[in-house]
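J.: based on what follows, work out the 3D shape:
(4 chains)
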Number of protein chains: 2
Amino acid sequence: MSIEAEMNRGFLQILALVALEESLYGYRMLKNFEEIGYTVEENTLYPLLRRLEQAGLINSKWSISQDRPRKFYHITPKGRKVREKLLTIRRTQNMVLEKVLEAQKNGKKAE
Amino acid sequence: MSIEAEMNRGFLQILALVALEESLYGYRMLKNFEEIGYTVEENTLYPLLRRLEQAGLINSKWSISQDRPRKFYHITPKGRKVREKLLTIRRTQNMVLEKVLEAQKNGKKAE
DNA sequence: TGATATACTGTATGATATACAGTATTGTAT
DNA sequence: ATACAATACTGTATATCATACAGTATATCA
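T.: The predicted structure is shown next:
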């Protein structure tokens, strides 16, 4: 795995938990994310969904009413709690990153 | 590893590459990050620094001029390139996240 | 003098992104 | 009608990384 690919870790968890406030099946999420400029591989998303379900953060049910069987996922109350925690972590990280970038710009060399 | 801990992945790479525009040794980075509100475990940072060096993104030299031997790290040109790429990825992710959060707020249920 | 902080090293473990291989249906072009 | 791409999944394998664990050695201060 490349250093750039490593960036997906953590982030896709949040994205999925936010998106699954609405009921969605895997393939649809994939296409939705792609539309808004974030391409995710199915090899990444499907196993993630399985893990999130195992952790009780989302649940699933098969829908056979449509033309083709689809597994719809939806966030659970536990998932909502974790989602808020993750969003907080992410925002803290953004603030920390801004601070360190700012410190560089203001030239620490002088010290 | 918990889902929350997973959030470190990717992020600490960027943070280190930004911080190492200035020459620093591991323990100092640890304390710097702690000061600005981001606690990192040494078990996380030290192996990361080894990996970044192996990948040629940072280099190191021992300093024995002080009271105690310290390994100072510094970013390489290659490291700067990767850093910019990672910052771009991070910013894209933030934008994508905002979009999905916004879409939820504006109630997709009606559709 | 003995505990605590500093400042590292090396290897092990477990979780995850991605890879690989496979199943089955639907829609479209030939 | 028939092949081909797109849809929509499943299951297991591999490699990388965060974290754990264990260890070394000097400095500081009660």
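J.: get me the contact residues on chain A for DNA strand C.
T.: Residues of chain A lying close to DNA strand C by C-beta under 7 Å from any atom of the strand are A:1, A:5-6, A:8-10, A:12-13, A:40-41, A:43-44, A:47-48, A:51, A:67-68. (Each C-beta comes from the backbone N, C-alpha and C, glycine too.)
J.: tell me who's in contact with A:Tyr46.
T.: Shown in contact with A:Tyr46 (C-beta atoms under 8 Å, 6 or more residues apart in numbering or on different chains): A:Gly26.
J.: still on that earlier bit, of the residues of chain A next to DNA strand C, keep whichever come out buried.
T.: A:6, A:8-10, A:12-13, A:40, A:48 (16 or more other C-beta atoms under 10 Å in any protein chain shown).
J.: Three-state assignment for A:Gly56, please.
T.: For A:Gly56, the assignment made with DSSP: H, G, I helix; E, B strand; the rest coil gives coil.
J.: A:Lys61 now?
T.: Assignment for A:Lys61 (three-state DSSP): strand.
J.: next, count neighbours for it.
T.: Neighbours of A:Lys61 under the rule other C-beta atoms under 10 Å in any protein chain shown: 10.
J.: beta partners of it?
T.: Assessed by DSSP bridges, A:Lys61 has beta-bridge partners A:Phe72.
J.: my read: it touches A:Phe72, true?
T.: Yes. Under the criterion of C-beta atoms under 8 Å, A:Lys61 is in contact with A:Phe72, at a separation of 5.8 Å.
J.: so what's the closest residue in space to A:Leu20 that isn't next to it in sequence up against?
T.: For A:Leu20, ignoring the flanking residues on the chain, the nearest one in space by C-beta to C-beta, 6 or more residues apart in numbering or on different chains is A:Ile75 at 4.5 Å. A:Ile75 sits next to A:17, A:20-21, A:57-58, A:83 when contact means C-beta under 8 Å, 6+ apart.
J.: can you tell me how far A:Ile75 sits from B:Tyr46?
T.: Distance, A:Ile75 to B:Tyr46, by C-beta to C-beta, to the nearest Å: 37 Å.
J.: repeat that for A:Glu21.
T.: Counting by C-beta to C-beta - A:Glu21 and B:Tyr46 are separated by 39 Å.
J.: what do you get for A:Gly79?
T.: For A:Gly79, the distance to B:Tyr46 equals 34 Å [C-beta to C-beta].
J.: also A:Met7?
T.: According to C-beta to C-beta, A:Met7 stands 21 Å off from B:Tyr46.
J.: all helices for chain A, in order.
T.: Shown for chain A, the helices assigned by DSSP state H span residues A:11-19, A:26-35, A:42-54, A:77-105.
J.: need the winner for burial among those.
T.: Stretch with highest mean neighbour count among the helices of chain A: helix A:11-19 (a mean of 22; mean count of other C-beta atoms under 10 Å in any protein chain shown).
J.: can stretch A:75-95 be said to contact DNA strand D?
T.: No. For stretch A:75-95, no contact with DNA strand D is found by C-beta under 7 Å from any atom of the strand; the gap never falls below 10.8 Å.
J.: number of nearby residues for A:Ile58?
T.: 22.
J.: before I go, just wanted to say thanks for your time.
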